[in-house]
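Undergrad: Here is a sequence with its predicted model. Questions after.
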Amino acid sequence: MSMKKALRILLSFIIGCIIGVVGHYTLYRIGLPVEPFIYMAF
């Protein structure tokens, strides 16, 4: 496997992880609109 291909796979994996975390956090916050400031601290 070439270095460029490995780097592209790694980059797409990192981007996917970031999108997943942000998306999950957004849904988590929408699910808990009553106590937004408490969860902001964590």
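TA: Happy to help now that I have it. Numbers count the residues shown, from 1 in each chain.

Undergrad: Work out the gap between the helix or strand harbouring Gly16 and the centre of the chain.
TA: In this structure, Gly16 is located in helix 3-31 according to DSSP states H and E. Centroid separation between helix 3-31 and its chain, computed with CA atoms, centre = their mean, to the nearest Å, is 5 Å.

Undergrad: Over to stretch 22-34?
TA: Using CA atoms, centre = their mean, the mean C-alpha position of stretch 22-34 is found 12 Å from that of the whole chain.

Undergrad: can you tell me the average pLDDT over it?
TA: For stretch 22-34, the per-residue pLDDT values average out at 78.

Undergrad: With only the CA atoms kept, save that stretch in CSV.
TA: Below are the C-alpha coordinates for stretch 22-34, written out as CSV (Å, rounded to 0.1, in the frame of the first residue of the first chain):
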residue,chain,number,x,y,z
VAL,A,22,-20.0,16.2,16.9
GLY,A,23,-23.2,14.6,15.6
HIS,A,24,-23.6,12.4,18.6
TYR,A,25,-23.0,15.4,21.0
THR,A,26,-25.5,17.5,19.0
LEU,A,27,-28.2,14.8,19.3
TYR,A,28,-27.3,14.3,23.0
ARG,A,29,-27.8,18.1,23.6
ILE,A,30,-31.1,18.2,21.7
GLY,A,31,-32.3,15.2,23.8
LEU,A,32,-31.5,17.2,27.0
PRO,A,33,-32.7,20.8,26.5
VAL,A,34,-33.7,21.2,30.2
